[in-house]
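Enquirer: all I have is the shape, not the residue letters:
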Ligand code: PLP
Ligand code: COI
């Protein structure tokens with residue numbers, strides 16, 4: 001099964017009316033406002049991928065024994081569709097999400113979804129929901145493709161049936177309130193991923209395992225948690241849902257390398273390319289928490305930022321580590337951080353040339 005023709009269209013018979021929709025789009029926040037439809041494709045070992053549809057968004061009924069509820073065989077993606085300055089709409093690097101989805105599928109012993117089906121499910125859902133783009137600063141339609149094990153069976157083995165779905169959420173900023181630099185808590189008791197584990201897969205289990213650490217960060221008065229590597233408990237890896245960059249006083253940047261324990265972020269990859277296109281030196285190398293503190297103290301480190309589809313580019317102002325609290329630069333948004341945010345947003349909104357062909361217009 002492949003291509004657009006394969007999708008059945010069952011329009012919602014109870015769409016949200018235009019006034020109600022407008023009210024929901026005034027201040028959508030992140031992940032609370034959902035659109036009227038969803039994409040669904042089924043998989044079974046005997047039929048393969050089949051029964052693709054865009055249908056009314058509605059609760060689903062599942063058997064209580066399905067494998068995902070017991071053994072967490074689930075993966076997901078996160079990508080955005082943008083309203084461009086010229087009035088058009090586009091997906092940002094959906095092909096990269098499709099590839100990462102299949103890398104995650106292989107790691108979780110799930111069937112791969114043909115890339116074209118992933119792309120078409122996203123394109124068709126966005127086209128159906130074109131009235132759901134919020135007109136707020138940084139607004140977008142956030143797509144959440146996901147796949148879970150749906151066979152009713154309690155044995156521990158890869159499921160023989162799966163459900164792939166895409167839901168869409170009208171989003172503004174990931175953060176509550178005014179744009180500001182965030183504070184982060186360096187997790188000491190918990191790690192996120194060990195070598196050989198599932199760190200580079202985008203599977204729900206990684207996020208479940210990060211929640212106690214994130215709760216601890218909140219208790220410590222911080223916005224987010226940052227994880228160190230599981231072996232030496234020394235190297236800075238990533239936040240619960242974002243990659244991290246460090247900026248130095250010589251104008252160069254560092255980001256942790258893709259060692260298998262961190263998520264290969266598409267925003268991370270985009271910033272690497274934008275920075276290199278601008279002649280900025282960026283190194284993918286290990287950076288220790290001890291170095292971070294020392295470099296922030298000496299002024300060698302001038303900025304740090306987190307990045308991801310949801311968080312875009314977010315400055316890190318303060319870090320609470322094993323040896324106490326330290327501030328980065330002036331504690332606000334650094335110059336290079338702002339430059340990366342502006343350059344990335346300009347491409348995403350179609351305001352700047354797109355030399356790598358990242359925008360897929362709809
Ligand atoms: N790291 C983690 C753990 C994430 O959940 C995300 C978000 O998807 C990222 C990094 C950033 O990835 P991307 O830029 O592809 O959204
Ligand atoms: C994303 O940025 O798409 C994520 O999945 C991260 C999560 C914090 C929302």
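Expert: Ah, there it is. The model shown is predicted, which means the values in this text are computed figures rather than measured ones. Ligands and ions are numbered 1, 2, ... in the order given.

Enquirer: which positions in the stretch 151-300 of the chain make contact with ligand 1?
Expert: 238, 241-243, 263, 265-268 (CB under 6 Å from any ligand atom). Every C-beta, even on glycine, is put in place using the N, C-alpha and C of the backbone.

Enquirer: return only those of those residues found close to ligand 2.
Expert: Okay, of these touching ligand 2 (CB under 6 Å from any ligand atom), that's residue 241.

Enquirer: restricted to strands, list the residues of the stretch 151-300 of the chain next to ligand 1.
Expert: 238, 243 (DSSP state E).

Enquirer: would you reformat the residues of the stretch 151-300 of the chain next to ligand 1 as JSON lines and include pLDDT?
Expert: Converted to JSON lines, these look like this (pLDDT from 0 to 100):
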{"residue": "238", "pLDDT": "98"}
{"residue": "241", "pLDDT": "96"}
{"residue": "242", "pLDDT": "97"}
{"residue": "243", "pLDDT": "98"}
{"residue": "263", "pLDDT": "98"}
{"residue": "265", "pLDDT": "98"}
{"residue": "266", "pLDDT": "98"}
{"residue": "267", "pLDDT": "98"}
{"residue": "268", "pLDDT": "98"}
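
Enquirer: I'd like the residues of the stretch 151-300 of the chain next to ligand 1 as JSON lines, with neighbour count and distance to residue 136 appended.
Expert: Converted to JSON lines, these look like this (neighbours: other CB atoms under 10 Å; distance: CB to CB, whole Å):
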{"residue": "238", "neighbour count": "24", "distance to residue 136": "27"}
{"residue": "241", "neighbour count": "20", "distance to residue 136": "21"}
{"residue": "242", "neighbour count": "26", "distance to residue 136": "21"}
{"residue": "243", "neighbour count": "25", "distance to residue 136": "25"}
{"residue": "263", "neighbour count": "22", "distance to residue 136": "27"}
{"residue": "265", "neighbour count": "24", "distance to residue 136": "24"}
{"residue": "266", "neighbour count": "24", "distance to residue 136": "23"}
{"residue": "267", "neighbour count": "21", "distance to residue 136": "20"}
{"residue": "268", "neighbour count": "22", "distance to residue 136": "25"}
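
Enquirer: of the residues of the stretch 151-300 of the chain next to ligand 1, which is the nearest to ligand 2?
Expert: residue 241 (2.5 Å; CB to the nearest ligand atom).

Enquirer: who does the lengthiest helix in the chain touch, helix- and strand-wise?
Expert: The residue-count maximum for a helix in the chain (DSSP state H) belongs to helix 204-219. Applying 3 or more CB pairs under 8 Å, 6 or more residues apart in numbering; DSSP states H and E, we find helix 204-219 packed against strand 74-76, strand 182-186, strand 224-228.

Enquirer: what do you get if the cut-off is 10 Å, keeping everything else the same?
Expert: strand 74-76, strand 182-186, strand 224-228, strand 236-239 (3 or more CB pairs under 10 Å, 6 or more residues apart in numbering; DSSP states H and E).

Enquirer: by contact count, what packs against the third one?
Expert: For strand 224-228, the packing partners by 3+ CB pairs under 10 Å, 6+ apart come out as strand 182-186, helix 204-219, strand 236-239, helix 289-298, strand 301-308, strand 312-321.

Enquirer: between those, which one is nearest to residue 58?
Expert: helix 204-219 (21.1 Å; CB to CB).

Enquirer: could you see whether ligand 2 lies near that closest one?
Expert: No - Helix 204-219 stays clear of ligand 2 (CB under 6 Å from any ligand atom), getting no nearer than 7.6 Å.

Enquirer: pLDDT below threshold where in the chain?
Expert: Within the chain, the ranges that satisfy pLDDT under 70 run 2-5.

Enquirer: apply 90 and report the result again.
Expert: For the chain, applying pLDDT under 90 flags the ranges 1-6, 137, 173, 175-179, 321-323.

Enquirer: got the residues of it near ligand 2?
Expert: 78, 241, 308-310.

Enquirer: give me the buried entries from the residues you listed.
Expert: Among these, those classed as buried by 16 or more other CB atoms under 10 Å are 78, 241, 308-310.
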